[in-house]
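Novice: I'd like to go over a predicted model; first the sequence, then the structure.
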Amino acid sequence: MMQFGSRRMRRRTGMGRFIPPLVIFIACSMTLRWTHVLVTFSHQNSEAHNLSPLQNALINTAVNKHKQQSSNNHNINDGHNNLRAAPRTLTELNILNETAPKSTLIYPLHSKSGTHHAYLYIGTPPQRQTLIVDTGSRLTAFPCEPHCPDCGIHASSQYHLQNSSTHEIVDCNNCKLNQVDFPLEDYMASDGIGGNSGDGPSLRGTKQQQQMQQTQRNLFPSLCINNKCGIDQRYTEGSSWKAFEVQDKIWLGLDDETQSIEAHIKFATPFTFGCQVSEHGLFKTQYADGIMGLSMYTQTLVGTWYEQGTISHESFSLCLNSKGGHIAIGGIANQEEEKHQSPMQFTPFSKQQVWYYTVSVTSISVGKHKLPKSILPHVNDHKGTIVDSGTTDTFISWKVAKPFIFAWERITKRQYNNRLQMYTYKQFNELPVITFELDGGVQWEITPRAYMEDVDATRQREIVNATEITTPDKWEGNRGFISRIYVDEPHGVVLGSNAMLDKEIYFDLANRRLGVAKAKCAY
């Protein structure tokens, strides 16, 4: 999954990582609304995709036309691209200051190869799958036996469809995973294109189909094969998988399977997921069996549990550390050993009608050096700054690279790069903390122990196949580290799982806000 001294091939589940099927269909009679969708889509994806000269020419034509029209209506995207200019209402302030509810459904997470996993139990009798917890994806999927004979070897045996007496294959008249959660008109008018990790809209279909103005339209590509709802997901770094929709009862569990079945089966709920029939790239070689989507979408585990009444508040929290951590469903953790080390601060989600968790950045600091305000449009425009637990590392717009690197090198007196560098204990502890200040005053700090990967510890973990080996509190001589903050993102910022370490991050879907608190994250 990685090579020492070089950039790791990590799954990138933020916007712009997935390659949705793109058919260029610009016509003179196309409405402004559809042109806006294509323009926004091209901005977010053209740098990641290898488009033909004809496609680029068509896109440029649409972009120029859109710019002309936007100059007459300059407020078309103000609600999405700019920081909040108007004072908040009393209601908004009350919501931001409202205490997060306590959760009674708290489950352990495990870390391996930079990703964090939960145990999902499926079917009757239960079968366990180890899944990546991914706030940048809306779908849950894993290999199914006997339908995926060429899938890779993962943490668990494949979920065997026929061995569960409660499974149901979803027929093509009842497909769920290609549906939207909000009216098409609002969706098309938004600055975002709708999601990530394969959640962008399909531009397939006839011209008449493309111009339909109905609500709740199927925006995602789906196939119907033998009356099964097909799903086809592709990613720019080469990974992909195919699946069909299945419904079975599911619940989260603990390390101990017997206890998970006896004590937690009462929380089981019918849930629709992708039964994978093929996987390629990182999905085939990864440790985890599959992926558990946790974005703002009703067909996630959180949304389903809320609809079923299992939880009273549509929210969850993740608390990650280098060994694992925990996930709390319906609120934040309520355990004495995991008291917050700082009060939880809240910031509103900055974009409407999208599935990913986007926040507005008001400043970025490298140590005590605050980067110029002129960088803010580059981290807030387009997809904006996304909190994505399914992306291992942190990625910042390349347009911020120059001031970021200047500040880093001024503080450390060494060259900034993403290659192996040696540090004494004293030198390492002089490295700067990277701070993102978010709308509402939230201080999101990323410490060197979070963003610098300890190569020696990583080697030891892989040799003994363990997770308990960590960076020592102190060491003699030199130790090798690699910075896992990359300043080469086409647009915006992706705060990956390394940026989330040693914090409880609260995803409040009901109130559209994010909570951040320093915390001890052991289960």
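Specialist: Yes, it's here.
Novice: only C-alpha atoms for contact and neighbour calcs from this point on.
Specialist: Fine.
Novice: let me know the average pLDDT across stretch 137-148.
Specialist: Regarding stretch 137-148, the rounded mean pLDDT is 93.
Novice: equivalent analysis for stretch 288-299, please.
Specialist: In this model, stretch 288-299 carries a mean pLDDT of 91.
Novice: off-centre distance for that stretch?
Specialist: Offset of stretch 288-299 from its chain centre (CA atoms, centre = their mean, to the nearest Å): 9 Å.
Novice: Cys159 pairs with what?
Specialist: Actually, residue 159 is Tyr. It isn't Cys. Beta bridges link Tyr159 to Cys144 when assigned by DSSP bridges.
Novice: what about it, distance to Val387?
Specialist: 30 Å (CA to CA, to the nearest Å).
Novice: more neighbours, these two?
Specialist: Applying other CA atoms under 10 Å to Tyr159 and Val387 shows that Val387 carries more neighbours, namely 27 against 24.
Novice: pretty sure that one sits against Gly492.
Specialist: No: between Val387 and Gly492 there is no contact under CA atoms under 8 Å: 11.2 Å.
Novice: pretty sure Arg449 sits in a helix.
Specialist: Yes: using DSSP: H, G, I helix; E, B strand; the rest coil, the secondary structure at Arg449 is a helix.
Novice: quick check: it vs Ala155, distance?
Specialist: Distance, Arg449 to Ala155, using CA to CA: 27 Å.
Novice: and for Tyr121?
Specialist: 14 Å.
Novice: give me the common contacts of the two.
Specialist: Common contacts of Tyr121 and Ala155, defined by CA atoms under 8 Å, 6 or more residues apart in numbering, comprise Gln129.
Novice: one step back: ok, Arg449 and Ala155, which is more surrounded?
Specialist: Arg449 (18 against 15).
Novice: quick check, central residue of this protein?
Specialist: The centroid of the chain falls nearest to Gly136 when counting by CA atoms, centre = their mean (2.0 Å).
Novice: and stretch 108-121, how far out from the chain's middle?
Specialist: With CA atoms, centre = their mean as the basis, stretch 108-121 stands 15 Å off its chain's centre.
Novice: end-to-end on it?
Specialist: In terms of CA to CA, the two terminal residues of stretch 108-121 are separated by 14 Å.
Novice: likewise stretch 166-176?
Specialist: End-to-end distance of stretch 166-176 (CA to CA): 18 Å.
Novice: which residues touch it?
Specialist: Stretch 166-176 is contacted by residues 123-124, 161, 224, 227-229, 245-249, 272, 299 when judged by CA under 8 Å, 6+ apart.
Novice: how about 7 Å then?
Specialist: Stretch 166-176 is contacted from outside by Gly123, Thr124, Leu161, Cys224, Asn227, Lys228, Cys229, Glu245, Val246, Gln247, Asp248, Lys249, using CA atoms under 7 Å, 6 or more residues apart in numbering.
Novice: for the protein, what's the longest strand?
Specialist: Across the chain, the strand with the greatest residue count (assigned by DSSP state E) is strand 240-253.
Novice: distance from the chain centre to that one, please.
Specialist: Chain-centre distance of strand 240-253: 18 Å, with CA atoms, centre = their mean.
Novice: then stretch 254-264?
Specialist: 28 Å.
Novice: same thing with stretch 490-498?
Specialist: Stretch 490-498 sits 9 Å away from the centroid of its parent chain (CA atoms, centre = their mean).
Novice: avg pLDDT for it?
Specialist: 94.
Novice: who touches that stretch?
Specialist: Residues outside stretch 490-498 that contact it (CA under 7 Å, 6+ apart) are 14, 47, 378-398, 450-451.
Novice: drop anything exposed from these.
Specialist: Buried members of those, counted by 16 or more other CA atoms under 10 Å: 14, 378-398, 450-451.
Novice: can you give me the helices for the stretch 251-400 of the chain?
Specialist: Using DSSP state H, counting those that start in this stretch, the helices of the stretch 251-400 of the chain run over residues 257-264, 282-285, 301-308, 376-380.
Novice: what's the most buried one of those helices?
Specialist: Burial of the helices of the stretch 251-400 of the chain is given as mean neighbour count (mean count of other CA atoms under 10 Å); helix 376-380 ranks first at a mean of 22.
Novice: pretty sure the residue nearest to the centre of the chain contacts Ile386?
Specialist: No: using CA atoms under 7 Å as the test, Gly136 is too far from Ile386 to be in contact (8.1 Å).
Novice: output the below-cut-off pLDDT ranges for the protein.
Specialist: Residue ranges of the chain with pLDDT under 70: 1-93, 180-222, 236-237, 334-339, 459-469, 523.
Novice: can you do 80?
Specialist: Applying pLDDT under 80 to the chain flags the ranges 1-97, 113-114, 178-223, 234-238, 334-341, 353, 457-472, 522-523.
Novice: how near is Ser295 to Leu509?
Specialist: Separation of Ser295 from Leu509 (CA to CA): 9 Å.
Novice: equivalent analysis for Pro448, please.
Specialist: According to CA to CA, Pro448 and Leu509 sit 30 Å apart.
Novice: what of Lys228?
Specialist: Applying CA to CA, the value for Lys228 to Leu509 is 31 Å.
Novice: got it, and Ile261?
Specialist: On the measure of CA to CA, Ile261 and Leu509 end up 28 Å apart.
Novice: and the furthest pair within the contacts of stretch 166-176?
Specialist: Greatest spatial distance in the contacts of stretch 166-176: Thr124 and Cys224, 26.7 Å, computed using CA to CA.
Novice: where's Pro472, which helix or strand?
Specialist: Using DSSP states H and E, Pro472 sits within no helix or strand.
Novice: that should have said Ile231, apologies.
Specialist: For Ile231, the enclosing helix or strand under DSSP H and E is strand 228-234.
Novice: touching, Pro343 and Ala517? I think so.
Specialist: Yes: between Pro343 and Ala517 there is a contact under CA under 7 Å: 5.9 Å.
Novice: Ser295 and Leu509: who's more crowded?
Specialist: Relative neighbour count places Ser295 above the other of Ser295 and Leu509, with 27 against 20, counting by other CA under 10 Å.
Novice: what residues does that one make contact with?
Specialist: By CA under 7 Å, 6+ apart, the residues touching Ser295 are Thr135, Gly136, Ser137, Arg138, Trp355, Tyr356.
Novice: all strands of the stretch 151-300 of the chain, in order?
Specialist: Secondary structure of the stretch 151-300 of the chain (DSSP state E, counting those that start in this stretch): strands at 159-160, 168-169, 223-225, 228-234, 240-253, 269-280, 290-293.
Novice: ok, the contacts of stretch 166-176 vs Leu501, which is closest?
Specialist: Lys249 (31.2 Å).
Novice: burial count for the closest residue to that closest one other than its chain neighbours?
Specialist: Residue nearest to Lys249 in three dimensions, not counting chain neighbours: Pro270, with 4.2 Å by CA to CA, 6 or more residues apart in numbering. Here the count is done by other CA under 10 Å, and Pro270 has 19 residues near it.
Novice: thanks a lot, see you next time.
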